[in-house]
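Peer 1: sharing a sequence plus its predicted fold:
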Amino acid sequence: MTPLTQFTIEIHDANHTVLAATSDHGQAQLVYHQPYQEGDQIVVKSEHPNQYVMLQLDDTMPETFVYLATTCYRLTIPFGEKKISYNPKSYSGDIHALSVRLATEAEISSYKNVALNPFDQHENDSCYPHAVANVETRGESVFAARNAINGNCFNAGHGAWPFESWGINQQDDAEMSVQFGRTVEIDCIALTLRADFPHDNYWEQVTVCFSNGDCETIHLTKTNAKQVFKLTPRQVESLTVKNLIKSADPSPFPALTQIEAYGYEVK
């Protein structure tokens, strides 16, 4: 029998001192009995790269299927301005339950939203999917690209959680990419536009371009509902939403609350 991959979870302070740690084969579970301090990091280590795992780094967020491309992922605990895009209960208090485990074959092979990752951050180059954009309104956390893949579709307002979104700062050439970190096969896209009308505008049309060179033009309507689009299945490593055409409504503020991409792993 092949030995299971060993996983480790550590809590580091701002000086990279290890405050707590646990390791186990096939999984790791850590209960940390201290309030987080500014500069603290959660460090997830894998004995091997390229692992499909189920990850939960805060008990206010769901255990989530992600792909660890490298052997180490560091998540910096959000404080101050960076914290207001999260549930106020997240990363708070004096007891924290964290876990990582190998995904089961059923979880790997299932049809799912392969764009979901509530644990994404700007500095992420290991734990996929990962969202990046060429603009985020005023550099504020409540308008960061990561908000559009965190699984939260509440869209009746704008600003602090639960109404965080990807904001484009009125930039005409704004675009956002979702990097999957591996090859996935996608056959469906779902977009939830921010719908704080009349404060918000909306996009009548967007273009979704894929890493294989394909592009799809998608027509949207003014609604708070999720808009779902079936696609010809294609194997890709990333997608980019671009060529955002806003409506003639007077507001200059269209924004994206959530993007979902449904499909399968390609192993």
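Peer 2: Now that the structure is in, tell me what you want to look at. Numbers count the residues shown, from 1 in each chain.
Peer 1: any idea how far Ser165 is from Asn117?
Peer 2: As defined by Cβ to Cβ, to the nearest Å, Asn117 lies at a distance of 16 Å from Ser165. All C-beta atoms are positioned from the backbone trio N, CA, C, and that covers glycine.
Peer 1: looking at those two, which is more packed in?
Peer 2: Ser165 (30 against 26; other Cβ atoms under 10 Å).
Peer 1: from memory the more buried one sits against Asn147, does it?
Peer 2: Yes: using Cβ atoms under 8 Å, Ser165 is in contact with Asn147, at 5.5 Å.
Peer 1: between those two, which contacts overlap?
Peer 2: The contact sets of Ser165 and Asn147 overlap at Thr257 (Cβ atoms under 8 Å, 6 or more residues apart in numbering).
Peer 1: now do the helices in this protein.
Peer 2: Under the criterion DSSP state H, helices of the chain are mapped to 105-109.
Peer 1: could you report the pLDDT at Phe79?
Peer 2: Looking at Phe79, its pLDDT stands at 98.
Peer 1: which residues touch it?
Peer 2: With contacts defined as Cβ under 8 Å, 6+ apart, Phe79 is in contact with Glu38.
Peer 1: try His16
Peer 2: Contact analysis of His16 by Cβ under 8 Å, 6+ apart lists nothing.
Peer 1: how about the nearest residue to Phe154 once chain neighbours are set aside, what does it touch?
Peer 2: For Phe154, ignoring the flanking residues on the chain, the nearest one in space by Cβ to Cβ, 6 or more residues apart in numbering is Pro162 at 4.1 Å. Shown in contact with Pro162 (Cβ under 8 Å, 6+ apart): Asn87, Asn152, Phe154.
Peer 1: isn't Gly93 right next to His33, touching?
Peer 2: No: Gly93 is beyond contact range of His33, at 10.1 Å (criterion: Cβ under 8 Å).
Peer 1: who has more neighbours, those two?
Peer 2: Using other Cβ under 10 Å as the criterion, Gly93 and His33 rank with Gly93 on top: 12 against 8.
Peer 1: partner residues bridging the residue nearest to Ile9 when sequence neighbours are not counted?
Peer 2: For Ile9, ignoring the flanking residues on the chain, the nearest one in space by Cβ to Cβ, 6+ apart is Leu30 at 4.3 Å. Here Leu30 sits in beta bridges with Leu98, going by DSSP bridges.
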